[in-house]
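[1] Provided below are the primary sequence and the corresponding predicted coordinates.
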Number of protein chains: 4
Amino acid sequence: MTFPAPLTGVVPPVCTPLTPDREVDVPSLLRLVDFLVEAGVHGLFLLGSTSEAAFLTDGQRRRVVEAVAGHVGGQLPVLAGAIDMTTPRVLEHVSAVAAAGARAVVVTAPFYARTHPSEIVHHYRRIAAASPVPVIAYDIPVAVHTKLPADLVLGLAGDGVLAGIKDSSGDLAAFREIVTGARAHPGFSVLTGSELIADSALALGADGAVPGLANVDPHGYVRLYRQCRAGDWEGARTEQERLCALFGIVGVGAPARMGGSSAALGAFKAALHLRGVIDCPVTAEPQVPLSGEEVERVGKFLAAAGLLGVGTHRR
Amino acid sequence: MTFPAPLTGVVPPVCTPLTPDREVDVPSLLRLVDFLVEAGVHGLFLLGSTSEAAFLTDGQRRRVVEAVAGHVGGQLPVLAGAIDMTTPRVLEHVSAVAAAGARAVVVTAPFYARTHPSEIVHHYRRIAAASPVPVIAYDIPVAVHTKLPADLVLGLAGDGVLAGIKDSSGDLAAFREIVTGARAHPGFSVLTGSELIADSALALGADGAVPGLANVDPHGYVRLYRQCRAGDWEGARTEQERLCALFGIVGVGAPARMGGSSAALGAFKAALHLRGVIDCPVTAEPQVPLSGEEVERVGKFLAAAGLLGVGTHRR
Amino acid sequence: MTFPAPLTGVVPPVCTPLTPDREVDVPSLLRLVDFLVEAGVHGLFLLGSTSEAAFLTDGQRRRVVEAVAGHVGGQLPVLAGAIDMTTPRVLEHVSAVAAAGARAVVVTAPFYARTHPSEIVHHYRRIAAASPVPVIAYDIPVAVHTKLPADLVLGLAGDGVLAGIKDSSGDLAAFREIVTGARAHPGFSVLTGSELIADSALALGADGAVPGLANVDPHGYVRLYRQCRAGDWEGARTEQERLCALFGIVGVGAPARMGGSSAALGAFKAALHLRGVIDCPVTAEPQVPLSGEEVERVGKFLAAAGLLGVGTHRR
Amino acid sequence: MTFPAPLTGVVPPVCTPLTPDREVDVPSLLRLVDFLVEAGVHGLFLLGSTSEAAFLTDGQRRRVVEAVAGHVGGQLPVLAGAIDMTTPRVLEHVSAVAAAGARAVVVTAPFYARTHPSEIVHHYRRIAAASPVPVIAYDIPVAVHTKLPADLVLGLAGDGVLAGIKDSSGDLAAFREIVTGARAHPGFSVLTGSELIADSALALGADGAVPGLANVDPHGYVRLYRQCRAGDWEGARTEQERLCALFGIVGVGAPARMGGSSAALGAFKAALHLRGVIDCPVTAEPQVPLSGEEVERVGKFLAAAGLLGVGTHRR
């Protein structure tokens, strides 16, 4: 099975369930994968930011990819992040995740080191030259502190270096520039990472969406995607607004006590635990757990979105 | 030999010489170490930003520490960076560099993930609890995009979690707050990472300096340190100004063509190559090399600083 | 005529034509206003960022509002910016522009001084209490270096302090939070300042758009608005993409030679000059003018968008 | 009396006392000026950030300069800020403050508008060409969001455009580059705005200091300056550390309730009120006042610094 060009549809950045002592909880991970696949998602993105890739050791990363790739076989495309600071370190992750079964790798600009756009270009060229699988750029300025310029991305698309982009910048105008520019490069995948304006991104031409919240409500995002593809913009807007309300869970964790990762990933995992998908909602260190009262509030969001109660998910 | 408390003097963040195919050039590395030790430096900091730690693979990192720790034995303290995004990944580096012979580890706040100060505290507590060697905080906002607050550092100093700090923030007022606050915690090491105001930092009470430029001119920084300790502020200022002029080498690389890492590390390595200390000035990818004309300008800076010519370094 | 609640439609932030010696060119200004009104715009926003409000003296600001308000009478709503650093200074501008005929004022968060959200709230409360006309918040982080939080805006909407918001943040997800939240406050105007995703903003429920590029092509934005209101999303997208291509004019000015204001405002004025609407394309100091070659490139963009040639605008 | 070239010594950025209804309290202002002059300061800087210039209306700004310039006559140099967004607006303030008696003007880079270094250069050239008095650059990135590059400042010094710089960037390494570069331009004044590292700045060659805290303890800064000039670095460090401890007053205001301006300026004014220098500690809107309990804590800092009690200031 070759990698789709372009990749379309809903491709959740899959959470990484952990055991109470913070090892990868493979049974929960596979249950989550089944939950997503049964909901109709079109691909799986492992080792992204939502997957806590930044917190996983190399061994844990490998275990995640091996487990999921082995489990889903060729059913649907499996992408994996190769998140690290610079070219030589990323190259090692690319080899590892490809060997473990990833069918495409997702790579950010260098971070920690201060880089120039020409160095970002060189970074992607070197990685694409060495990678056995297609390379997708990951634009996530909140983590990397660099925004990938549209012309840089389109240049690398034109040269066949990049197979696509996952845009988590929140800058829809810049995203549009890539979407329209990419029409000259058929097969190039333009994916939005936004939970909140996935409908807008699809309306202006995105190929698909990679929303973290799709872990919690994959059925909602699959519905949204189908409505957009069918041109049912009114229905899509209603569905998107329901999902936006549900996204309120990421604001439950007190900002006086925790950072954005803890709040967002803690809420996603709490919701997956409440829905019965994963066994333990713990997040990796140094993240702070939600309090019991905060978890209750996550539950109320789920209830309001119609995602709790007898038979909503598990039989 | 126990680790000095506090660590004092000049502790260069040692450059990592590479071969033309970008493997660690151990003979050049040991020659550089000898060059520094013979100049009278008081410790060695491996795997810092100046060492291109962000660009080195895990294997390369281990090789650097093993080679240097084995070479210098207990002659002088060897510190090593454990630079990675979050607690679990840093813990693996801590184990690795300690096993390879580092006598203290240098650790930044988490990066890539969005963290809260309370999570930074937890990060350092977990690392110190697991580390077989003292933990020194590394405050480098230009890389990590977080500034370690003085009260956080002093709190961890008081609790015995941190053994010291290397401050590369450039914010001397905040540094002073740590210096004065640390008087309540004897043995805590307060080190400046600044090349340009090392005299100021020492004057207000810093224990030592970790200047990248000390790779190029260790004799200058050792002289500067001795002048400061002797209260010869006039002499120290003159020496510091000579070193500031020499630091102009980091501005030689064209900003239209390269980022700050390429320009600074490229210049340090070009200078070490011109001085005959290392065999090859290449930097790790995706950094851009200095042009021939730029290297010539580095040479002029060296000449102006009295560091080139027959017998200036190599016999 | 009362101020519309909500204000809907296309409300261009009107450029301020200057004479060669940089005084307000009132005849050109009124010609521009006529050009916009004849194209069907629904309101006029004077003294915004696109109007070079930051560059105009108090006397020039007053002249602009008096001239335009006198010229259009009650034909359509005239808003004016009251752009200054803090509450007392803004209050003076509010009095001045209201006295000069503005029917609503547009006010940013404080800038230059470091403020807290509670101070921003107090700022708007004080201004609304003193203003004889409705107050519209202006969210423009690129200028003010603060993003107005959605809950702050909605709180002030609920209290009747704010009559609307002009969002130039580029953050469509945050904008959506205001759009949906504002449904609880009928009459509150939610306006996007984006040139490039006006269709997206309208699709998710914005009341109107305040695009700087509407100076150059008001007919295009009026068409776009009508298509959106009619639910012709396919047509809207095509029109929006034509306008996005035209927006390429703001990238004509060389970034090595000028800042973002010079490039964008210089291009808008060059285009208005080429279209025969204003007499002189000069911008206020210290902005740098476009070169002759750059103006030619603006002309090519106009031609490509079908906006140049015999009879395209002036009879 | 010509303006000193260079200006040396302690030049406090004079607070602007307000009445309870937030008009300029001229009697308190003059009492503050007398307090400073009697303490031996070498100049007065009106309408700086510490003076709440950003909060004062044009009328209030004029009143401040007229009152103080009239009061001190030619006794000592009076500088005034001309703080506004862009060249045309700054030019009006320059005329106004010079007409009101200021003997030099202090001007930031443009803000609010996005500018290019070449535009900053043009800005200063235009202002210097029009100003009847010397122009001093004001580098305050926390307010202006631009750092003045050293080579830009030195270039304008060499051309006689700038007569000096007040550096409030906190970046001592960059400051040093200006200090050493300015030796080629005799008469150019290099002044630090730092309260906390004034000794360091003077040690490396600054001509003087403009510390906001000198409103509260002018005697301390005058002592510090004299110690530095006499080469008594040990005494200077002790004095500086006492002043650093006193500066803790700016941390008294709760960050959960107020921004940095409110906390710092509120503390300075509370201290001046407690010391009996000004009648009312109120700050301009939208700043938040310190609570009674916070004012008490300011008092404790004063007491610890030996600045309260019978006869410490007022007879």
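    In hand now; what should we look at? Numbering: from 1, shown residues only, chains lettered A, B, ... in the order given.

[2] what about the residue in the stretch 1-150 of chain A that chain C sits nearest to, neighbour count?
    When scored by CB to the nearest CB, the stretch 1-150 of chain A has residue A:150 as its residue closest to chain C, at 10.7 Å. Yep, even glycine has a C-beta here, placed from its N, CA and C like the rest. As a burial measure, residue A:150 scores 22 neighbours (other CB atoms under 10 Å in any protein chain shown).

[3] cool, residue A:70 as well?
    Residue A:70 has 12 neighbours, counted by other CB under 10 Å.

[4] buried set for whichever helix or strand it is part of?
    Using DSSP states H and E, residue A:70 sits in helix A:58-72. Across helix A:58-72, burial judged by 16 or more other CB atoms under 10 Å in any protein chain shown covers A:60-69, A:71-72.

[5] now do the SS call for residue A:41.
    coil (DSSP: H, G, I helix; E, B strand; the rest coil).

[6] for residue A:284, give me its contacts.
    Residues in contact with residue A:284 (CB atoms under 8 Å, 6 or more residues apart in numbering or on different chains) are A:18, A:22, A:52, A:55-56, B:86-88.

[7] of the residues you listed, keep whichever come out buried.
    For these, buried by 16+ other CB under 10 Å: A:18, A:22, A:52, A:55-56, B:86-88.

[8] any idea how far stretch A:284-301 is from the chain center?
    21 Å (CA atoms, centre = their mean, to the nearest Å).

[9] return the set of buried residues in that stretch.
    For stretch A:284-301, a neighbour-count test (16+ other CB under 10 Å) marks A:284-290, A:294-295, A:297-299, A:301 as buried.

[10] by contact count, what packs against the very next helix or strand once past the helix holding residue A:70?
    Per DSSP H and E, the first helix or strand lying C-terminal to helix A:58-72 is strand A:78-81. Applying 3 or more CB pairs under 8 Å, 6 or more residues apart in numbering or on different chains; DSSP states H and E, we find strand A:78-81 packed against strand A:44-46, helix A:58-72, helix A:87-99, strand A:104-108.

[11] does stretch A:112-126 come close to chain B?
    Yes - against chain B, stretch A:112-126 shows contacts by CB under 8 Å from any CB of the partner chain at A:112-116, A:118-120, A:122-123, A:126.

[12] quick one: contacts for the residue of the stretch 1-150 of chain A closest to chain C?
    Contacts of residue A:150 (CB under 8 Å, 6+ apart): A:174, A:177-178, A:181.

[13] quick one: which of these sit in helices?
    Judged by DSSP state H, helices contain the following of the contacts of residue A:150: A:174, A:177-178, A:181.

[14] distance to residue B:306, pLDDT and neighbour count added to these, as JSON lines?
    Listed next are the ones in helices among the contacts of residue A:150 as JSON lines, based on distance: CB to CB, whole Å; pLDDT from 0 to 100; neighbours: other CB atoms under 10 Å in any protein chain shown:
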{"residue": "A:174", "distance to residue B:306": "50", "pLDDT": "98", "neighbour count": "20"}
{"residue": "A:177", "distance to residue B:306": "52", "pLDDT": "98", "neighbour count": "20"}
{"residue": "A:178", "distance to residue B:306": "53", "pLDDT": "98", "neighbour count": "24"}
{"residue": "A:181", "distance to residue B:306": "54", "pLDDT": "98", "neighbour count": "18"}
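
[15] can you put those residues in JSON lines and add distance to chain B?
    As requested, these are arranged in JSON lines below (distance: CB to the nearest CB, whole Å):
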{"residue": "A:174", "distance to chain B": "21"}
{"residue": "A:177", "distance to chain B": "23"}
{"residue": "A:178", "distance to chain B": "21"}
{"residue": "A:181", "distance to chain B": "23"}
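
[16] any idea which of the helices and strands packed on strand A:78-81 gets closest to chain B?
    helix A:87-99 (4.1 Å).

[17] thinking again about what came up before, tell me the spacing between the residue of the stretch 1-150 of chain A closest to chain C and residue C:304.
    Residue A:150 is 19 Å from residue C:304, where distance means CB to CB, to the nearest Å.

[18] and the helices in the stretch 101-250 of chain A?
    A:117-130, A:141-144, A:150-158, A:172-181, A:198-203, A:218-229, A:233-246 (DSSP state H, counting those that start in this stretch).

[19] distance to residue C:194 added to these, as CSV?
    Converted to CSV, the helices of the stretch 101-250 of chain A look like this (distance: least, CB to CB, whole Å):
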stretch, distance to residue C:194
helix A:117-130, 24
helix A:141-144, 18
helix A:150-158, 16
helix A:172-181, 6
helix A:198-203, 11
helix A:218-229, 21
helix A:233-246, 18
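
[20] so which of those helices is the most surrounded?
    helix A:198-203 (a mean of 26; mean count of other CB atoms under 10 Å in any protein chain shown).

[21] for whatever residue of chain A ends up closest to chain D, grab phi and psi.
    Using CB to the nearest CB, the single residue of chain A nearest to chain D is residue A:256, 8.1 Å away. Phi and psi for residue A:256, reported as degrees, to the nearest 10, are phi -80, psi -10.

[22] now do the one 10 residues further on
    According to degrees, to the nearest 10, the main-chain angles of residue A:266 amount to phi -60, psi -40.

[23] what sits closest to it if chain neighbours are left out?
    In this structure, residue A:266 finds its nearest non-sequential neighbour in residue A:290, 4.6 Å apart by CB to CB, 6 or more residues apart in numbering or on different chains.

[24] now do the same for the residue of the stretch 1-150 of chain A closest to chain C: its pLDDT.
    pLDDT for residue A:150: 98.

[25] cool, residue A:2 as well?
    With respect to pLDDT, residue A:2 has a value of 83.

[26] quick one: average pLDDT of stretch A:115-134?
    Here the average pLDDT along stretch A:115-134 is 97.

[27] for residue A:112, what are its contacts?
    A:85-86, B:49, B:54, B:83, B:111, B:143-144.

[28] now render those as CSV, adding pLDDT.
    Output for the contacts of residue A:112, formatted as CSV (pLDDT from 0 to 100):
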residue, pLDDT
A:85, 98
A:86, 98
B:49, 96
B:54, 98
B:83, 98
B:111, 98
B:143, 97
B:144, 97
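
[29] close to chain C: what parts of chain A are there?
    A:170-173, A:176-177, A:180, A:194-197, A:199-200, A:203-205, A:231, A:233, A:237, A:241, A:244.

[30] change it to 10 Å
    Proximity of chain A to chain C, by CB under 10 Å from any CB of the partner chain, involves residues A:151, A:169-177, A:179-180, A:194-201, A:203-205, A:231, A:233-234, A:236-237, A:240-241, A:244-245, A:247-248, A:251.

[31] how many neighbours does the closest residue to residue A:187 other than its chain neighbours have?
    Leaving aside its chain neighbours, residue A:187 sits nearest to residue A:5 (3.5 Å; criterion: CB to CB, 6+ apart). For residue A:5, the count of nearby residues is 15 (other CB under 10 Å).

[32] now do the SS call for residue A:5.
    coil.

[33] show me the contacts for it.
    When contacts are counted by CB atoms under 10 Å, 6 or more residues apart in numbering or on different chains, residue A:5 touches A:134, A:163-164, A:185-189, A:207.
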